[in-house]
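Q: Would you be able to build a 3D model of this:
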Amino acid sequence: MKKVERINTIMRYINNRSRFTISEIMLEFNVSRSTAIRDIKEIEAMGMPLVAEVGRDGGYFVMNNSVLPMVRFTDNEIKALFLAFMATRNQQLPYLKSRQSLSEKLLGLISENQQDDLVVLNQILLFEGTNPNNPDLLDLSDLPHPMLEQLIQNILLDSYLWITVQEGEESKSYPIYLLHLYREKSYWLMEGFHLEEEKTQIIPVDKLTNVRPYSVKHRMSRKKVLKKQRSQKKDVNFILDLGPKAIAQYKKYHPLAISISYTNPYQTSARLNTFVDVGNEEEVREMVNWLLFLGEDVEVREVPGEVLDEARRRGEAW
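A: As a prediction, this is how the structure comes out:
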């Protein structure tokens, strides 16, 4: 009997009894004492409210009126969970240290017929980042940068952080107020307000070497941070009108900070307003790449000359 199947069976066994002992679990499921104890601890970690009785004849019982309801999924819910799980292959998301154990637990909740359906789906469906010749192959590690989970744990406690960033051979430490944490172009990035320099900046998580709560008492309030951030927003210098083909391209990919406003009720035309820092060569290059990606179904209203000249040089349609 597989571990997941055994634990699910033990949970049903426990639900049907007012009291049980480790010895009974060992005898019923033909497992060692250490395995029985590990299984009980795992069941407790899953949320079942077990109470231990101390003494020679001690055992366990489920807390009165606290038995967890059996989780049941419809066929469509199972497929939705499985497809979402498949679609995250090679996405380097936090908390996915063991896809194998997560898969086993999901499969342990469903019937054999449902398992067969999932096997078929796994064989015929392909997602971005998968190898079509071997869909089960992980081309990249599932694990993101080790600082990501530590960063998230700190964010859950407080958005005021003291971070250390490696910039070339130089290491810098300073306080920030974290505004957003997001993933773009296969990189995890954090948008933070530098509390000493009082400016917004984007910091790659890969460059973090340490992060901890910033516990200074007299720190800038969230309201003041957001007010200063809004006051620093740049004037719009990049305006495009998009047709239906360009809108379709926009939906395929667009920089996270760039949004569009539809200009008719059928959502077949839209306007895009943003700011491009022409002093940042990398930003200009990225914007040109994206502008060419949008295609010909674009009408330029206002674009910095540096961007437009480079776009015309690289794309005859411009």
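
Q: quick one: low-confidence ranges for this protein?
A: Under the criterion pLDDT under 70, the flagged ranges of the chain are 1, 54-58, 63-72, 98-100, 129-142, 315-318.

Q: which residue sits closest to the spatially most central residue of it, ignoring its sequence neighbours?
A: Compute the mean C-alpha point of the chain, and by CA atoms, centre = their mean the closest residue is Leu93, 4.9 Å away. Sequence neighbours aside, Pro144 is the residue nearest to Leu93 in space, at 6.5 Å (criterion: CB to CB, 6 or more residues apart in numbering). For glycine as for every other residue, the C-beta is placed from the backbone atoms N, C-alpha and C.

Q: unless I'm mixing things up, Ile10 is touching Arg38, no?
A: No - contact criterion CB atoms under 8 Å: Ile10 and Arg38 do not qualify, at 11.1 Å.

Q: Look at those two and report which has more neighbours.
A: The neighbour comparison of Ile10 against Arg38 (other CB atoms under 10 Å) goes to Ile10, with 21 against 14.

Q: Name the residues that touch the helix or strand containing that one?
A: Take DSSP states H and E as the rule and Ile10 turns out to sit in helix 3-15. Contacts with helix 3-15, where a contact means CB atoms under 8 Å, 6 or more residues apart in numbering, come from 1, 20, 25, 28-29, 31, 39-40, 42-43, 46, 48, 50, 60, 62, 67, 101, 104-105, 107-109.

Q: From these, which land in strands?
A: Under the assignment DSSP state E, those contribute Leu50, Tyr60, Val62 to strands.

Q: Restricted to buried residues, select the contacts of helix 3-15 in ChimeraX.
A: To isolate the buried ones among those in ChimeraX, judged by 16 or more other CB atoms under 10 Å, type:
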select :20,25,29,31,39,40,43,48,50,60,62,107,108
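
Q: taking the contacts of helix 3-15 one by one, which sit in helices?
A: Ile25, Glu28, Phe29, Asp39, Ile40, Glu42, Ile43, Ser101, Glu104, Lys105, Leu107, Gly108 (DSSP state H).

Q: sorry, back to before: tell me which residues in the helix holding Ile10 are buried?
A: Val4, Arg6, Ile7, Asn8, Ile10, Met11, Ile14.

Q: likewise stretch 89-98?
A: With burial defined by 16+ other CB under 10 Å, the residues of stretch 89-98 counted as buried are Arg89, Asn90, Gln92, Pro94.

Q: The last one touches Pro146, doesn't it?
A: No - counting by CB under 8 Å, no contact exists between Pro94 and Pro146, whose distance comes to 10.1 Å.

Q: Tell me how far stretch 286-302 lies from the chain's centre.
A: Put simply, stretch 286-302 sits 29 Å off its chain's centre (CA atoms, centre = their mean, to the nearest Å).

Q: can you check stretch 152-170 too?
A: Distance, centroid of stretch 152-170 to centroid of chain: 18 Å (CA atoms, centre = their mean).

Q: what's in contact with that stretch?
A: Stretch 152-170 is contacted from outside by 94, 151, 171-178, 181, 192, 195, 203, 207-216, 219, 222, using CB under 8 Å, 6+ apart.

Q: pretty sure Leu179 is in a strand, no?
A: Yes - counting by DSSP: H, G, I helix; E, B strand; the rest coil, Leu179 falls inside a strand.

Q: Now do the same contact list for it.
A: Glu191, Gly192, Phe193, Thr200, Gln229.

Q: Just say helix, strand or coil for the third one.
A: Put plainly, it is Phe193. strand.

Q: Who are the contact partners of it?
A: Ile176, Tyr177, Leu179, Lys199, Thr200, Gln201, Val225, Lys228, Gln229.

Q: neighbouring strands for the one helix or strand Trp162 maps to, and are they parallel or not?
A: If you go by DSSP H and E, Trp162 is part of strand 160-167. Sheet pairing here is set by DSSP bridges, and for strand 160-167 it gives strand 170-184 (antiparallel), strand 208-213 (antiparallel).
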